[in-house]
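*Asks:* Predicted model, plus sequence, below.
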Amino acid sequence: MSIKVLGLPYDLNSSFLRGAALAPPRIRLMESDGSANTFAELGQDIRSGQAFEDLGDLDIMADRPEAAFAKIRARVAEIIANGNKLVSLGGDHSVAYPVLDAYLEQYPGLHILQIDAHGDLYDDFDGNPYSHASPFARLMETGKAGSLTQVGNRSLNTHQREQAARFGVKIIEMHQFSFDFLNHLQGPLYVSVDLDGLDPAFAPGVSHHEPGGLSTRELFYILQNIEVPIVGGDVVEYNPIRDYQNMTAMVAYKTMKELMAKML
C-alpha cells in the first residue's frame, strides 16, 4: 500500500476560462526546477519515487464528460482497490465527482472536506449537469457520502444555500471563519482542495478570482491539524494561463506535499 499521484488534465466542464487541463505537468515541475526542496513542514521528505509513485496523466482531454468520467472512475477504482491512497491533480473541479464516486465504493460513508470559494452544488449550471460548479451536487444526491464539510466559501447564492440544506452540508463561510470545524471532522476523510479557496493574493493562477479567501498559512494549518485518517485527496482548479512566474504552481505543489505528509 502506498500513495499514488494521478494527473487528470480535464477542463471541458469549466464555465468561465479553460486552462486547468495544463496544470498537472506544471505542478510536477515544481519538484524538479530547483527552487524548493521536497520536504513538508513537519519533516517528511515527499519525494517522487519514495514517498509516492507518480502514475502520470490519464488520457481524457478529448473525451466528452460521460466518457471522461467513466475512465476516471475506472482508473481510480483500480488504483485504490488494494488499499493504495490517491492524490489527484486536476483539472477543473468536475473531476472530483468520478474520483469520489470510485472512493465511495471502496469506503462506504466516506467523509469529505472541501476547501473552496464555491459550493459547487448547482443542480445544473448553464445546462451542464457535469459542470465544475456541480460535482458535489452529483455526489451528494447519490446518498453515499457520510458527510461533506465545506470551508472557505464566500459566494453562496440562494440556490446553493437551498442545495446545502437539502444535502445537509456543513459550510464554514469566510465571513465567519474559524478552525473549530477541525474538532468535528470524521474519518476516513477525503480532502478536496480547490485553489480558489485561497485569496487571489496567494493564488492568482486560478480561473475564478474570489477576494476574501484563506491565506496559504491558514490552508496549511488546516491540513497539518487534521487528526482523522486521510485516505485520498485532490488539488484542482490551478490554471497556468493565469499564473504569474509559477507562484500558484508552487502553492499547488506545497499543498500536495502538506496533504501527503498527513496521509503517510
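*Replies:* Looks like it came in fine.

*Asks:* Any idea how many residues pack against the residue nearest to I241 when sequence neighbours are not counted?
*Replies:* The shortest distance from I241 to any non-neighbouring residue, by CB to CB, 6 or more residues apart in numbering, is to G19 (3.8 Å). The way it works is simple: take the backbone N, C-alpha and C, and place the C-beta from them, glycine included. Counted with other CB atoms under 10 Å, the neighbours of G19 add up to 19.

*Asks:* And for R242?
*Replies:* 18.

*Asks:* Which residue ranges of the stretch 151-264 of the chain form strands?
*Replies:* Assigned by DSSP state E, counting those that start in this stretch, the strands in the stretch 151-264 of the chain fall at 170-173, 189-194, 230-236.

*Asks:* and of the ones you listed, who's closest to F39?
*Replies:* strand 230-236 (17.9 Å; CB to CB).

*Asks:* Just checking: what are the partner strands of the closest one?
*Replies:* strand 85-90 (parallel), strand 189-194 (parallel) (DSSP bridges).

*Asks:* Report the backbone C-alpha coordinates of the first one in CSV.
*Replies:* Spelled out, that is strand 85-90. The C-alpha coordinates for strand 85-90 follow below in CSV (Å, rounded to 0.1, in the frame of the first residue of the first chain):
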residue,chain,number,x,y,z
LYS,A,85,-4.2,6.2,-1.4
LEU,A,86,-4.5,8.6,-4.2
VAL,A,87,-3.9,12.3,-4.7
SER,A,88,-5.4,13.6,-8.0
LEU,A,89,-4.1,16.7,-9.7
GLY,A,90,-6.8,18.5,-11.8
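
*Asks:* Counting neighbours, what do you get for the spatially closest residue to G119 that is not a sequence neighbour?
*Replies:* Take G119 and drop its neighbours on the chain: the residue closest to it by CB to CB, 6+ apart is Q160, 4.2 Å away. Residues lying near Q160 (other CB under 10 Å) number 23.

*Asks:* Now do the contacts for Q160.
*Replies:* By CB atoms under 8 Å, 6 or more residues apart in numbering, the contact list for Q160 reads H118, G119, L121, Y122.

*Asks:* any chance of those in TSV, with distance to A70 too?
*Replies:* What follows is the contacts of Q160, written out as TSV (distance: CB to CB, whole Å):
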residue	distance to A70
H118	25
G119	25
L121	23
Y122	22
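
*Asks:* closest to K254 among these?
*Replies:* Using CB to CB, H118 is the member of the contacts of Q160 that sits closest to K254, with 22.2 Å.

*Asks:* Can you tell me how far that closest one is from L17?
*Replies:* Remark: distance between H118 and L17 (CB to CB, to the nearest Å) = 14 Å.

*Asks:* between these two, which one's more packed in?
*Replies:* H118 (25 against 14).

*Asks:* Tell me which of the strands paired with strand 230-236 sits most buried.
*Replies:* strand 189-194 (a mean of 26; mean count of other CB atoms under 10 Å).

*Asks:* Return the distance of that strand from the chain's centre.
*Replies:* Distance of strand 189-194 from its chain centroid, counting by CA atoms, centre = their mean, to the nearest Å, is 5 Å.

*Asks:* Would you mind putting the CA coordinates of that strand into PDB?
*Replies:* Output in PDB follows, covering the C-alpha atoms of strand 189-194 (Å, rounded to 0.1, in the frame of the first residue of the first chain):
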ATOM      1  CA  LEU A 189     -11.600  11.500   5.200                       C
ATOM      2  CA  TYR A 190     -11.100  12.700   1.600                       C
ATOM      3  CA  VAL A 191      -9.700  16.200   1.200                       C
ATOM      4  CA  SER A 192     -10.600  18.200  -2.000                       C
ATOM      5  CA  VAL A 193      -8.600  21.400  -2.300                       C
ATOM      6  CA  ASP A 194      -9.800  23.900  -4.900                       C
END
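
*Asks:* what's the average pLDDT for that strand?
*Replies:* The average of the pLDDT scores along strand 189-194 is 98.

*Asks:* Which one of the strands of the stretch 151-264 of the chain lies nearest to G34?
*Replies:* Among the strands of the stretch 151-264 of the chain, strand 230-236 sits nearest to G34 (CB to CB), with 21.3 Å.
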